[in-house]
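> Dropping the sequence and predicted coords here.
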Amino acid sequence: MKLTRRQLAVALAPAAALAGAAAQPTADDDVELRAARDRAAANGKTLESQAVPMAAEPAFQFKA
């Protein structure tokens, strides 16, 4: 079956419209994003409160 570019564009237009509509953020996305940011901030505060001696070595090595 041969399709021209125009016929292909017409055939794929509904799928592209549905994909664009699904990509728009919803209120649930905002709530999830705010919760993730709050968790990251809380984790940062927890890490700041931990004392780490200067002699502590990381658990990984940088190699070139």
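Yes, it's here. Numbers count the residues shown, from 1 in each chain.

> from here on, contacts and neighbour counts on C-alpha atoms
Noted.

> And the helices in this protein?
Secondary structure of the chain by DSSP state H: the helices cover 5-22, 27-48.

> any chance of these in JSON lines, plus mean neighbour count, mean pLDDT and distance to residue 63?
Rendered in JSON lines, the data for the helices of the chain read as follows (neighbours: other CA atoms under 10 Å; pLDDT from 0 to 100; distance: least, CA to CA, whole Å):
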{"stretch": "helix 5-22", "mean neighbour count": "11", "mean pLDDT": "80", "distance to residue 63": "43"}
{"stretch": "helix 27-48", "mean neighbour count": "11", "mean pLDDT": "91", "distance to residue 63": "26"}
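
> Can you tell me how far the spatially most central residue of the chain is from residue 41?
What sits nearest the mean C-alpha location of the chain, by CA atoms, centre = their mean, is residue 33, with 9.5 Å. Distance from residue 33 to residue 41, counting by CA to CA, to the nearest Å: 12 Å.

> Next: residue 13.
Taking CA to CA as the criterion, residue 13 is separated from residue 41 by 42 Å.

> Same question for residue 64.
Look at residue 64 and residue 41: by CA to CA, they are 33 Å apart.

> same thing with residue 63?
Counting by CA to CA - residue 63 and residue 41 are separated by 31 Å.

> re earlier: quick one: residues contacting the residue nearest to the centre of the chain.
Neighbouring residues of residue 33 by CA atoms under 8 Å, 6 or more residues apart in numbering: there are none.

> okay, how far is it across stretch 47-61, tip to tip?
21 Å.

> I'd like the distance from that stretch to the chain centre, please.
Centroid separation for stretch 47-61 versus its chain: 28 Å, with CA atoms, centre = their mean, to the nearest Å.

> so how many other residues sit close to residue 4?
The tally of other residues near residue 4 (other CA atoms under 10 Å) stands at 8.
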